[in-house]
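Novice: The amino acid sequence is not available; the structure is as follows:
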């Protein structure tokens, strides 16, 4: 083997690599590199876009909603038998309001602070979106009705769907722990109300606050030129 063989081989390999990437001469096409099907499949797999988080969020919300619906449906027969046996519909009765006080002092009472707080934060976030979009106040949209009311209700439901499902589920669990019984009607009433009231108030007032801040910012950014002679009163 000649002494310069290794150097010649190294130069040849580098020249072939350079030609494959960019061509050795001007106008000379680069070498075509044929990839196998396995390599092409591996390249496509590595360059595939990552899965979006919205799909994961939708699956989590659907699973949670399905769990809540299943528990409510399982509790309906016993609730019907209790109503037939006692004649007490429970909702808006003295027993109902007495149990509400028991909820405030029993297991899970911290949710009466955490869940409205989260609903308030979600309402503030959606209120800022309403300000940027130039939408009317959320409460006024609900009162006036129309197509914008349906769109606003849809956006509110998508924002608070998981939170409402958690509120209903926690109310069912607290009923079982405190009263050793499940009242599905009370859970369907108290859970959404615990979320809807702070959400609506927060979204309405957040839009008003953000709109006031945006007006102040526009007033500060606009130049304040002195009036011209033509505009001055004579």
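Specialist: Structure's in. What do you need? Just so we're clear, the structure is a prediction, and the values are computed from it rather than from any experiment.

Novice: Mind telling me what element residue 60 is part of?
Specialist: Using DSSP states H and E, residue 60 maps to helix 53-86.

Novice: helix or strand right after that helix?
Specialist: The C-terminal neighbour of helix 53-86 among helices and strands, as given by DSSP H and E, is helix 94-105.

Novice: And whichever helix or strand comes after that next one, what's buried?
Specialist: Later in the chain than helix 94-105, the nearest helix or strand by DSSP H and E is helix 111-133. Neighbour counts over helix 111-133 (16 or more other Cβ atoms under 10 Å) mark 111, 115-116, 118-120, 122-124, 126-128, 130-131 as buried. Bear in mind the C-beta positions are built from the backbone N, C-alpha and C, glycine included.

Novice: what's the helix holding residue 60 packed up against?
Specialist: helix 147-179, helix 184-221 (3 or more Cβ pairs under 8 Å, 6 or more residues apart in numbering; DSSP states H and E).

Novice: Looking at these, which is nearest to residue 78?
Specialist: helix 184-221 (9.3 Å; Cβ to Cβ).

Novice: mind listing what's buried in the closest one?
Specialist: In helix 184-221, counting by 16+ other Cβ under 10 Å, buried: 184-192, 194-196, 198-207, 210-211.

Novice: circling back to that earlier point, output the buried residues of helix 111-133 in JSON lines; the columns should cover pLDDT and distance to residue 90.
Specialist: Shown next, in JSON lines, are these (pLDDT from 0 to 100; distance: Cβ to Cβ, whole Å):
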{"residue": "111", "pLDDT": "88", "distance to residue 90": "21"}
{"residue": "115", "pLDDT": "91", "distance to residue 90": "22"}
{"residue": "116", "pLDDT": "92", "distance to residue 90": "24"}
{"residue": "118", "pLDDT": "93", "distance to residue 90": "28"}
{"residue": "119", "pLDDT": "93", "distance to residue 90": "25"}
{"residue": "120", "pLDDT": "93", "distance to residue 90": "29"}
{"residue": "122", "pLDDT": "92", "distance to residue 90": "30"}
{"residue": "123", "pLDDT": "91", "distance to residue 90": "30"}
{"residue": "124", "pLDDT": "91", "distance to residue 90": "35"}
{"residue": "126", "pLDDT": "90", "distance to residue 90": "34"}
{"residue": "127", "pLDDT": "89", "distance to residue 90": "36"}
{"residue": "128", "pLDDT": "88", "distance to residue 90": "40"}
{"residue": "130", "pLDDT": "86", "distance to residue 90": "38"}
{"residue": "131", "pLDDT": "86", "distance to residue 90": "42"}
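
Novice: rank the helices and strands packed on helix 53-86 by pLDDT, which is bottom?
Specialist: Comparing mean pLDDT over those, the weakest stretch is helix 184-221, at a mean of 83.

Novice: Packing partners of that one?
Specialist: Packing contacts for helix 184-221, counted by 3+ Cβ pairs under 8 Å, 6+ apart, involve helix 53-86, helix 94-105, helix 111-133, helix 138-144, helix 147-179.

Novice: I'd like the distance between the nearest residue to residue 123 once chain neighbours are set aside and residue 188.
Specialist: Leaving aside its sequence neighbours, residue 123 sits nearest to residue 202 (Cβ to Cβ, 6 or more residues apart in numbering; 3.0 Å). According to Cβ to Cβ, to the nearest Å, residue 202 and residue 188 sit 22 Å apart.

Novice: Report the contact partners of the closest residue to residue 122 other than its chain neighbours.
Specialist: Counting by Cβ to Cβ, 6+ apart, the nearest residue to residue 122 once its immediate chain neighbours are dropped is residue 159, at 5.2 Å. Residues near residue 159 by Cβ atoms under 8 Å, 6 or more residues apart in numbering: 122, 125-126, 199.
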